[in-house]
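[1] what follows is a predicted protein model with its sequence.
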Amino acid sequence: MEIQDNMANEGMELEGSATTAAVMNTSLYYSGNITRITLSTYYQHSLYVASSYIIAYFLIFLLCIVGNTLVCLIVAENRRMRTVTNLFILNLAISDLLVGIFCIPTTLVDNLITGWPFSNTVCKMSGFVQGVSVSASVFTLVAIAVERFRVIVYPLQPKPTVFVAKAAILLIWVLAVLIMCPAASALTVDTVPFHYMVYNDDFNHTFPLYTCYENFTNPRMSKVYTAVLLVLIYLVPLSVITVMYSSISPVGGRRGGPPTISQKKIRVIKMLIVVALLFILSWLPLWTLMMMTDYAGLDRDQLDLLTSYIFPFAHWLAFSNSSVNPIIYGYYNENFKRGFQAVCKSWRRMAGQARNERTVQAGEGEGGVNLNSLKGYSGVNLIHGLTHCETVLDSLLEIKFADC
């Protein structure tokens, strides 16, 4: 084989049969020293496993893009929706969109292909955007909890204004960027020593294996930085959110008097608690795995198992949080529900206008075709489909939870 010839020319000898396994370790003798190399297949998984990953990631990608885009449009186009809480929800939707656009596709491909298949720029951008968007999301959840706490526990104090909310959002993004600057500077792409890839079991041609990792000057800094991120963007925000909502819950029945919180506010609080709780639970497995890889002292086989199967699921679960928030908004909040329905109706009107234009153009092209004969064609079917979509959405959102 060519790889054997190249190694022989350099005074090296290849032991074992490279065609007996997709991934194998092989000893090389060079100048009297034994060096172990690893040959890996280009694709990490079988077609069945890869297809499962693609379907699962595509589903949350589609829900993330469509749902959060609708949330942004509803808040941006409706002045009555531009409240302090809804501005924070808009900010949360923007950060979720960043996750969907920049993180889900690259993570999927990275989980399917051995090594890092993209450039150094994509390595830095993907890690940086993911970190910034997650930081912005959790800081926004903290801001929402604090804002609800002030409004409900201290109703006589001045309420936060829209200007204050915008300033808080700006501060959130500045803090998120500052926290992730070390990662942006440290992330880099480099080759893995003595590790090569083969494509289609053609062991005559090998390719260097690249990895995207944090290359700090001091190797221990990577572990320290992971621990700092865990504290700053997970444990501390989790503690603040828990304290804020725990303080809100007993207000309604204080001193045995009548409830001081309206049912509408209670429903909003329930919605925000569900959003915060799902965020915490969705990201917990990924944070656990990252701490395990840094501090648990796992061996090579255990790390390979985590990288191939456990990390892809943990990433999917974390990213799925960016997809479920719009569903929660539509379920708990009547304004968002009506906004989603209005968008469906708007799409139906636009589809109807497009159908009429195509019908007129077809009539002119045929020299006066009976327009009524075209009404049952694709245009009406499209309108019927959109109407059905709106009906289904309305039915789903009409389901009511029992009051807790």
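    That came through fine.
[2] give me the low-pLDDT residue ranges for the stretch 201-350 of the chain?
    Low-confidence segments of the stretch 201-350 of the chain (pLDDT under 70): 249-262, 264.
[3] isn't there a strand covering residue 210?
    Yes: when classified by DSSP: H, G, I helix; E, B strand; the rest coil, residue 210 is found to be part of a strand.
[4] please tell me how far it sits from residue 192.
    7 Å (CB to CB, to the nearest Å). From N, CA and C alone the C-beta is placed, and that goes for glycine too.
[5] same check, this time on residue 41
    For residue 41 relative to residue 192 (CB to CB), the value is 15 Å.
[6] OK, contacts around the most centrally placed residue in the chain?
    The centre of the chain sits closest to residue 319, judged by CA atoms, centre = their mean, with a distance of 3.0 Å. Contact partners of residue 319, counting by CB atoms under 8 Å, 6 or more residues apart in numbering, are 57, 60, 64, 99, 100, 103, 104, 107.
[7] what sits against the fourth one?
    What it means is residue 99. Contacts of residue 99 by CB under 8 Å, 6+ apart are 64, 129, 130, 133, 134, 319, 322.
[8] try it again at 10 Å.
    Applying CB atoms under 10 Å, 6 or more residues apart in numbering to residue 99 gives the contacts 60-61, 64, 68, 107, 129-130, 132-134, 137, 318-319, 321-323.
[9] the last one too?
    The neighbourhood of residue 107, defined by CB under 10 Å, 6+ apart, consists of 53, 57, 99, 126, 130, 311, 312, 315, 316, 318, 319.
[10] in helices only, show me those.
    Members of the contacts of residue 107 lying in helices (criterion: DSSP state H): 53, 57, 126, 130, 311, 312, 315, 316, 318, 319.
[11] overlap in contacts of residue 210 and residue 192?
    Contact criterion CB under 10 Å, 6+ apart; residues shared by residue 210 and residue 192: 114, 115, 116.
[12] how close does residue 270 sit to residue 120?
    Taken as CB to CB, the span from residue 270 to residue 120 is 45 Å.
[13] quick one: which of the ones in helices among the contacts of residue 107 is the most crowded by neighbours?
    Neighbour counts for those peak at residue 319, which has 25 neighbours (criterion: other CB atoms under 10 Å).
[14] ok, now how distant is that one from residue 117?
    19 Å.
[15] could you do residue 304 as well?
    With distances taken as CB to CB, residue 304 is found 18 Å from residue 117.
[16] what about the helices in the stretch 51-200 of the chain?
    Counting by DSSP state H, counting those that start in this stretch, residue ranges of the helices within the stretch 51-200 of the chain are 84-98, 104-112, 120-153, 162-186.
[17] residue 344 is nearest to which of those?
    Smallest distance to residue 344 across the helices of the stretch 51-200 of the chain (CB to CB): 18.2 Å, for helix 84-98.
[18] could I get the buried residue list for that closest one?
    Across helix 84-98, burial judged by 16 or more other CB atoms under 10 Å covers 84-98.
[19] and if you look at stretch 316-333?
    By neighbour count with 16+ other CB under 10 Å, stretch 316-333 contains the buried residues 316-326, 328-333.
[20] for stretch 112-125, buried residues please.
    Residues of stretch 112-125 classed as buried: 112, 113, 114, 115, 116, 118, 122, 123, 124, 125 (neighbour count, 16+ other CB under 10 Å).
[21] for it, what is the average pLDDT?
    Taken as a whole, stretch 112-125 carries a mean pLDDT of 89.
[22] how long is that stretch from one end to the other?
    End-to-end distance for stretch 112-125: 19 Å, by CA to CA, to the nearest Å.
[23] quick check, distance from it to the centre of its chain.
    Offset of stretch 112-125 from its chain centre (CA atoms, centre = their mean, to the nearest Å): 17 Å.
[24] try stretch 68-75
    The answer for stretch 68-75 is 17 Å, by CA atoms, centre = their mean.
[25] show me what contacts residue 77?
    Contacts of residue 77 (CB under 10 Å, 6+ apart): 339, 342, 343.
[26] so of the residues you listed, which ones are in helices?
    339, 342, 343.
[27] tell me, how many residues neighbour residue 109?
    16.
[28] how about it: what's its closest non-neighbour residue?
    Excluding the flanking residues, the one nearest residue 109 by CB to CB, 6 or more residues apart in numbering is residue 117, at 5.9 Å.
[29] quick check: the one you found touching residue 42?
    Yes: proximity of residue 117 to residue 42 meets the contact threshold set by CB atoms under 10 Å, at 9.3 Å.
[30] which of the contacts of residue 99 sits closest to residue 245?
    Distance to residue 245 across the contacts of residue 99 (CB to CB) is lowest for residue 137, with 16.8 Å.
[31] and the strands in the protein?
    13-14, 24-30, 33-41, 187-199, 202-214 (DSSP state E).
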